[in-house]
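1. All I have is the shape, not the residue letters:
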């Protein structure tokens with residue numbers, strides 16, 4: 001269960017988008033990593049968001065789990081990664097990219113009785129109650145990533161976008177999207193549209 005610092009976390013999608021815009025505006029290299037298990041209902045949402053963004057720019061034959069975008073003058077570069085359950089597989093790529101900011105998108109349990117499934121929160125590393133706090137359903141893997149990035153790219157800022165799940169039950173049916181609950185999927189679709197129309201506007205795949 002995640003522990004958030006109420007003074008620093010952002011509780012609305014509009015607020016989250018505004019915070020991301022501000023951070024992206026100040027950074028020349030940014031990573032967005034979507035994390036999730038496609039076989040666990042709402043837990044797929046982070047990976048689904050980034051996969052959908054990639055699919056909107058690539059045809060099926062050229063699909064990749066990661067894709068880089070750049071502005072016309074290459075002054076701003078963005079790497080998007082659909083890491084699914086193996087974010088550690090992309091550690092070297094991220095280190096080589098040398099981002100100033102890394103966003104992790106995942107489902108997360110909030111210690112907030114008022115939060116409903118499908119609600120999102122944005123929070124910073126110092127919003128965790130302690131360094132070992134669970135920050136998602138993949139807490140061990142992400143905690144390890146943070147420690148690696150602190151050592152290899154100490155200037156990089158770690159920011160988390162968590163979406164509260166309704167169900168993380170296992171379901172191995174091939175069409176994972178049907179297993180994402182409506183409120184969580186609706187939140188994810190808003191984030192996907194935000195990526196397409198704001199974050200990656202005027203950016204080209206490179």
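-> Perfect, I can see it now. What you see is a predicted model, and the numbers here were worked out from it, not measured in a lab. Numbering: from 1, shown residues only.
2. Tell me the pLDDT of residue 115.
-> Note on residue 115: pLDDT of 85.
3. likewise residue 4?
-> Per the predicted model, pLDDT is 48 at residue 4.
4. how about the helices of the chain, start to end?
-> Assigned by DSSP state H, the chain shows helices spanning 13-26, 45-55, 91-97, 139-152, 182-194.
5. and the closest residue to residue 162 other than its chain neighbours, how many neighbours does it have?
-> Nearest non-adjacent residue to residue 162, counting by C-beta to C-beta, 6 or more residues apart in numbering: residue 108, 2.9 Å away. (C-beta placed from N, C-alpha, C; glycine too.) Neighbour count for residue 108, taken as other C-beta atoms under 10 Å: 28.
6. Test my guess that residue 108 contacts residue 160.
-> Yes - here residue 108 reaches residue 160: they are 7.2 Å apart, a contact under C-beta atoms under 8 Å.
7. Before we move on, what's the pLDDT of the residue nearest to residue 162?
-> Among the per-residue scores, residue 108 shows a pLDDT of 86.
8. Which one, of the helices of the chain, ends up nearest to residue 37?
-> With C-beta to C-beta, the closest approach to residue 37 among those belongs to helix 45-55: 7.9 Å.
9. in the closest one, what counts as buried?
-> For helix 45-55, the neighbour count (16 or more other C-beta atoms under 10 Å) marks 45, 46, 47, 48, 49, 50, 51, 52, 53, 54 as buried.
10. Was I right to think the fifth one contacts residue 192?
-> Spelled out, it's residue 49. Yes - when contacts are counted by C-beta under 8 Å, residue 49 is listed as touching residue 192 (5.6 Å).
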